[in-house]
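Chemist: predicted model, plus sequence, below.
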Number of protein chains: 10
Amino acid sequence: MSQPQIVIPANNAPYTDLPPINTVLFEAKAKKGLTFDQIAKEIGKDEVWVAAAFYGQAKFTEDELKKVSEILGIASADALGELGNHWWPNRGLGPIPPQDPVIYRLYEGVLVYGHAIKAIIHEKFGDGIMSMIDCKINVEKKPDPKGDRVLLSFETLSFVLELTFSA
Amino acid sequence: MSQPQIVIPANNAPYTDLPPINTVLFEAKAKKGLTFDQIAKEIGKDEVWVAAAFYGQAKFTEDELKKVSEILGIASADALGELGNHWWPNRGLGPIPPQDPVIYRLYEGVLVYGHAIKAIIHEKFGDGIMSMIDCKINVEKKPDPKGDRVLLSFETLSFVLELTFSA
Amino acid sequence: MSQPQIVIPANNAPYTDLPPINTVLFEAKAKKGLTFDQIAKEIGKDEVWVAAAFYGQAKFTEDELKKVSEILGIASADALGELGNHWWPNRGLGPIPPQDPVIYRLYEGVLVYGHAIKAIIHEKFGDGIMSMIDCKINVEKKPDPKGDRVLLSFETLSFVLELTFSA
Amino acid sequence: MSQPQIVIPANNAPYTDLPPINTVLFEAKAKKGLTFDQIAKEIGKDEVWVAAAFYGQAKFTEDELKKVSEILGIASADALGELGNHWWPNRGLGPIPPQDPVIYRLYEGVLVYGHAIKAIIHEKFGDGIMSMIDCKINVEKKPDPKGDRVLLSFETLSFVLELTFSA
Amino acid sequence: MSQPQIVIPANNAPYTDLPPINTVLFEAKAKKGLTFDQIAKEIGKDEVWVAAAFYGQAKFTEDELKKVSEILGIASADALGELGNHWWPNRGLGPIPPQDPVIYRLYEGVLVYGHAIKAIIHEKFGDGIMSMIDCKINVEKKPDPKGDRVLLSFETLSFVLELTFSA
Amino acid sequence: MSQPQIVIPANNAPYTDLPPINTVLFEAKAKKGLTFDQIAKEIGKDEVWVAAAFYGQAKFTEDELKKVSEILGIASADALGELGNHWWPNRGLGPIPPQDPVIYRLYEGVLVYGHAIKAIIHEKFGDGIMSMIDCKINVEKKPDPKGDRVLLSFETLSFVLELTFSA
Amino acid sequence: MSQPQIVIPANNAPYTDLPPINTVLFEAKAKKGLTFDQIAKEIGKDEVWVAAAFYGQAKFTEDELKKVSEILGIASADALGELGNHWWPNRGLGPIPPQDPVIYRLYEGVLVYGHAIKAIIHEKFGDGIMSMIDCKINVEKKPDPKGDRVLLSFETLSFVLELTFSA
Amino acid sequence: MSQPQIVIPANNAPYTDLPPINTVLFEAKAKKGLTFDQIAKEIGKDEVWVAAAFYGQAKFTEDELKKVSEILGIASADALGELGNHWWPNRGLGPIPPQDPVIYRLYEGVLVYGHAIKAIIHEKFGDGIMSMIDCKINVEKKPDPKGDRVLLSFETLSFVLELTFSA
Amino acid sequence: MSQPQIVIPANNAPYTDLPPINTVLFEAKAKKGLTFDQIAKEIGKDEVWVAAAFYGQAKFTEDELKKVSEILGIASADALGELGNHWWPNRGLGPIPPQDPVIYRLYEGVLVYGHAIKAIIHEKFGDGIMSMIDCKINVEKKPDPKGDRVLLSFETLSFVLELTFSA
Amino acid sequence: MSQPQIVIPANNAPYTDLPPINTVLFEAKAKKGLTFDQIAKEIGKDEVWVAAAFYGQAKFTEDELKKVSEILGIASADALGELGNHWWPNRGLGPIPPQDPVIYRLYEGVLVYGHAIKAIIHEKFGDGIMSMIDCKINVEKKPDPKGDRVLLSFETLSFVLELTFSA
């Protein structure tokens, strides 16, 4: 049997909504058999952040792009040419409401627990708002005899405590 | 000045979408000046869970309802009559997409980080799915000299690791 | 403690979308502590059908309405006055897409397995269509050491095998 | 007359939303004249599951992909290259609400019977939820003198009976 | 058993979207046990037209309103006061897309056969358009040993054959 | 002047949503100058049915496809290769609500007369439903001195008279 | 027969979306049997403008309100109390897309002729825009032997010819 | 500097929704530097009608197509091949609601003045409806010292005065 | 003429979406003939902020509420009872897209200039985001011989300059 | 390392919705390393206006296009051929509601402050409307020890003070 030639379906969502170089990144990552965590460790970032950058939702610095290109074995000139200083993320990806069950569950969390989370935030922080852009996200596997658990956490860096706009 | 008579605007969203007794619970809580955490501690639950139950998104047991009624100083017969064994949550609350900025930020997290979180879940758990219904949610305040941080975490109890339906 | 007075929140969805007598039926059922199956057995129907009729999605005959009124201890004149011969179901209930997770899962089944089910139907029946109105639905509990299972089945009575409209 | 060259309209929905290799699978299956059931038997899965995998809604293991390639007479390297370990289903397919009458009927079942099914689930299982992802689906033909019937059933493997998130 | 007091659920769709007198018309019709056809014959109109007028989609003349009031045994002053010369139909009723299966089937006819009907109209009439407002609609029962058939027909009065706007 | 080369804009709606062979059928029909009625007579079907099949909403049998190919002067192998036994209609075509005025008028008929038609159906047939898939549609030109009329009729073959699902 | 008591269905759209006094204006106008043109002549405005003001889409001056109250025989204090200096139109009325055929035709004009009108405006005025708020609208009846014609015209007062924002 | 080669962005809305020949018409018109009015005068039509036909919303006769081709200097065979007798307008163009401010203003006119225009039509014509398809539209420039004005008028040819469907 | 009794149409949008006390605030403000600026000066806030608070989009402190009550001549206990410490804004008001032309113009600014503003922000601040919640808004009248101008400005307090989430 | 070849992802939103020459402008600007402000200064316009023109939302004059081409080092014939006199902006860009957080914040400003801004405009200008098309927009960076601030301002040129349409 011939060796599988790994292909990312660039004509499929969500790849169609990304710069072509991002599909190249995904293909190179798959060919190298690397995880996001392995790439993240090399460039000193979190794995969720790196995955977000692969999906065009975050912006690598020039240095990060060069390192990522090196790790993946692609020409950094290509990466810089498409995702360099002139490029800015056009954030937000996929249909609303989400159709994929994994993403829908996150969305369902907003539908079902949104008001409760807002109420607790108000009790603890006052009339503020948490940033979901400037945040640190972790997905961890927590072994459990009854079945592994997922621990998903969002740590927001810049909560605005006092929401007033005085003169 | 006369004493303020605390009122919950029952004819306003989201209260219009809840059983009338839930508005009574909110009013009693406000009059007593209790936090969700204080109520949660009394009945051995989490504060987010209790807030969710106040918003009609979770179901108190009969014992919990009695204790909550006692804590709030309302007739437990009223609470049981509306939210007792015959009642089941009709989950999902509020407009989609959310218009309130606090809730919208959660939603924006899905828009922006949904694909990244899904990718990390696949790398760590395989073709599974995390439950957003059966989960434990925490909202914590993390003091920080540059401004307090919010730590929001979801721990899902029952991750389905193997997603096959064999004969 | 006084006796709980069972109340159905008639000003809440989906009760607001039903004739007022249906809310009376739900309250009486809750007060009597009856299951849909118990009512169904008395009138010779399935439990899902009876639940559908309580939600205004199916139509009791005059005799069934009288029996149901008797079982629930309400005046059959009231039931007949609202749901009698002159009344016809206005089918379809609730927001689209569904927000409640239990109902959403059914909907997700359509999103994820709809094309697969259609393909198998075509392989087995040709260019036909199954009726979802004229069907028999069962929800069964199947005990299992790893956790109980739900068995949900739809048996359609009148499949149209040949879909042609010849002159 | 020359021999028909079987073609799947890859530029038509839902094929446009699938990795190109899936269209190849459909074409090969059509050329071989195989049913989903015949393929399913070879790899020890259900026919609905196999159809779902053809529509990109489920994930073959590497072994299954090799066997399917062999059965269909296509290069397994191609299948592995596109649907191998690096690929994960992006579930959910087609417009909402569905326009095709066969799929719409399933959807109509949710509109009309959703609340009834939820009510019976609550009566039998409590405040739980059934999984529609982790389930086993059957479509059977039940001969009947008045016209064949369709029997469609969903058996969910992992019902969550107790929905609490205690500390 | 006391006599049923026929009630139309005025707080339910579509009655909530009609002038209150229309609900009175429906109740009176139900109490008298009359069909739309019987009313139509008395006032020299079609039964579908009369049903449309009951649903607020067509406008009775003053004379027709008086006759209808007489037939139904209600005060014609009430009918004239609400539906008299100053009142004009606000046409279009119900959710889009329709959720009720009977109305949905009509809508499905547009989805599935709309282009075909348009093509035949063009072949026979040129670049014209048929009026759906100014039309005569019939619903007939056609007995058939294999099951009764419905014959639904639309006859449009004023087809615009030449669609030009010359100077 | 050179001879016009008839072209169907395959990159325009609704042709983009059809298998490519359907566009070929339309082009061949236009080149031959045939009406749907002429084709229908050759294969023993109705003209609306044939138009629906050209728009991918109905399925020709193998024999019909061969005859249609012959009439249109195209290679039947091409037609069979795309629309043969392995192909099934993916019904429903065009935007909702329709923007084209001819198709919109049909839709407006549902908006304005839907409830009236449903009411008459209930009066004549009981709690049933008419099929809009399995039906026979005619579009006729009825000459009239004040302007030609369109007579559009739907005859449904399989009305479901009794809508119960007994055990 | 008793005298009809003219009633405007205040619980029906679009009256539910207007200040209660507007419904009073409509009722008084109907009781007096006045046309919008007759009222308009008394206050020196156009009839369409007056109709727009009745529908809450334009603002009467204090003097106009007094005159209109006098003409209609209602207490001007009531009109001033609701529609006086503190009140501002909340413009835009009715569902989108419109369901009423008369209003839909206007909307259809936008769908079908919007691009053509825009192109002609550009040819004649350059890159400008016409105001639809600050405009004068006329609806005239133009007798014609083949059927009366409607002449609907919009004259915009303040066309912006040069659309630049220089420093 | 080389001569500009006039290009219409055929891959941009609304050109993507038109037959390719329409883009050719627009390009030829731009190259010739002709206005719609100049073309209209040559073929005896209105300028808005001609613009509508360029946007695929109206249908040229064969003779008109030949003349237009001659005026624009393109091969009439191409125009006839795409827009000849076999082609029919698929009317309705652009997103709903419109995003372009010029077209949005027309739409805003419907939102704000729709009910007022309908009311005046009823007062003058009774329960009728004006055609927006069969109409004559003018866009005129009316010089004014305070800024030029736009006069936009719709003259409908076939108003339906009596809206009844008698037997 | 009797004195006008100023009334705010509490059953009209947007008042229906606000706590009842807010309607009282609007009525008292209108009766006193105060502007938002006058109220703002008394409590040391901006006029837009005060208007936002009246519309339930911002939260008065207890002291501000007392002062506002005093200025308006209403019982501060009522204001505190509804908008006191237990109440939190449920932000976001009105239909989307906005139908009122004044609010639509703001929205149109997002449609037309959104990408341009984002591009300039990126050029000046990098991959950051401006807060629209924590901001200071001014609306000024700038006299101009050719017609007064509006100067609308947003000053955001907490721009996030570096958008990274490092470990 | 080879020199990065700067590329704008022309197959990605929003570039897919712009004439191809606009993508060329963006690429040339990136290669030259110019800011919008630098280009704006050369042609005597504002930077936001220039950015808007790059995004196809404003129209360069012929002279401006020539200058811009020269600055960017591209053939002005290409720019004139696509964006010359025959081209008009098709304004409005991107999904609604916006998914990108930067653009969403502007939109959120409309949701949260829209009614307040409208109220202040009415207090200061009367029943008028501000133009968002004919306006001058600035984005400024305001250094601040606690973090830089954004100052975004809109100055509208042509406010319509009196909104009447007199005869």
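Modeler: Arrived safely, thanks for sending. Residues are numbered from 1 along each chain as shown, chains lettered A, B, ... in the order given.

Chemist: check the offset of whichever strand or helix holds A:W49 from the chain's centre.
Modeler: Secondary structure assignment for A:W49, by DSSP states H and E: helix A:47-54. Taking Cα atoms, centre = their mean, to the nearest Å, the mean C-alpha location of helix A:47-54 is offset from the chain mean by 4 Å.

Chemist: ok, stretch A:91-106 next?
Modeler: 13 Å.

Chemist: quick one on the thing from earlier: touching chain B at all, the helix holding A:W49?
Modeler: Yes: applying Cβ under 8 Å from any Cβ of the partner chain, one finds helix A:47-54 touching chain B at A:47-49, A:51-52, A:54. Backbone N, C-alpha and C define where each C-beta goes, glycine included.

Chemist: could you give the number of residues near A:K124?
Modeler: By the measure other Cβ atoms under 10 Å in any protein chain shown, the count of residues near A:K124 is 18.

Chemist: my bad, should have said A:D127
Modeler: If you count neighbours by other Cβ under 10 Å, A:D127 ends up with 20.

Chemist: what do you get for A:D37?
Modeler: 17.

Chemist: for it, give me its contacts.
Modeler: Neighbouring residues of A:D37 by Cβ atoms under 8 Å, 6 or more residues apart in numbering or on different chains: A:47, B:123.

Chemist: how about 10 Å then?
Modeler: Shown in contact with A:D37 (Cβ atoms under 10 Å, 6 or more residues apart in numbering or on different chains): A:46-48, A:50-51, A:139, B:120, B:123-124.

Chemist: ok, these vs G:L65, which is closest?
Modeler: The shortest gap between G:L65 and any of the contacts of A:D37 belongs to A:V48, at 60.9 Å (Cβ to Cβ).

Chemist: surely the closest one touches B:I120?
Modeler: Yes: with contact defined as Cβ atoms under 10 Å, A:V48 reaches B:I120; the gap is 5.8 Å.

Chemist: mind listing the shared neighbours of the two?
Modeler: Common neighbours of A:V48 and B:I120 (criterion: Cβ under 10 Å, 6+ apart): A:36-37, A:137-139, A:152, B:113.

Chemist: now pLDDT and distance to D:S2 too, for these, in CSV please.
Modeler: Listed next are the shared contacts of A:V48 and B:I120 as CSV, based on pLDDT from 0 to 100; distance: Cβ to Cβ, whole Å:
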residue, pLDDT, distance to D:S2
A:F36, 98, 51
A:D37, 97, 55
A:I137, 91, 58
A:N138, 92, 61
A:V139, 92, 55
A:L152, 92, 58
B:Y113, 94, 54
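
Chemist: report pLDDT for the most centrally placed residue in chain A.
Modeler: Closest residue to the average C-alpha location of chain A: A:A52 at 2.2 Å, with Cα atoms, centre = their mean. Note for A:A52: predicted pLDDT of 96.

Chemist: what does the one 3 residues further on give?
Modeler: Reading off the per-residue confidence, A:Y55 sits at a pLDDT of 98.

Chemist: isn't it up against B:L111?
Modeler: No: if you go by Cβ under 10 Å, A:Y55 and B:L111 don't touch, sitting 11.2 Å apart.

Chemist: now do the shared contacts for those two.
Modeler: Residues touching both A:Y55 and B:L111 (Cβ under 10 Å, 6+ apart) are A:91, A:93-94.

Chemist: of the residues you listed, closest to C:G128?
Modeler: For these, the nearest to C:G128 is A:G94 (34.3 Å; Cβ to Cβ).

Chemist: what count of nearby residues applies to the residue of chain A found nearest chain D?
Modeler: Closest contact between chain A and chain D, by Cβ to the nearest Cβ, is at A:Q99 (2.4 Å). For A:Q99, the neighbour count with other Cβ under 10 Å is 20.

Chemist: now A:G128
Modeler: 20.

Chemist: and the pLDDT at it?
Modeler: A:G128 is assigned 76 on the pLDDT scale.

Chemist: got it, and A:T164?
Modeler: 43.

Chemist: can you list the residues of chain A near chain C?
Modeler: Residues of chain A found near chain C (Cβ under 10 Å from any Cβ of the partner chain) are A:97, A:99-101, A:104-105, A:108, A:111-112, A:146-147.

Chemist: which residues touch the residue nearest to the centre of chain A?
Modeler: When contacts are counted by Cβ under 10 Å, 6+ apart, A:A52 touches A:36, A:45-46, A:58-59, A:89, A:91, A:93, A:137, B:112-117, B:119-120, I:165.

Chemist: how about 8 Å then?
Modeler: A:58, B:112-113, B:115-116.

Chemist: A:I6 too?
Modeler: A:27, A:30-31, D:81, D:84, D:86.

Chemist: most surrounded residue in those?
Modeler: D:G81 (22 neighbours).

Chemist: related to what we said a few turns ago, closest one to chain H out of the residues of helix A:47-54 next to chain B, please.
Modeler: A:F54 (27.8 Å).

Chemist: how about the closest one, nearest residue that isn't a chain neighbour?
Modeler: Once flanking residues are discounted, A:F54 sits nearest to A:L25: 5.6 Å by Cβ to Cβ, 6 or more residues apart in numbering or on different chains.
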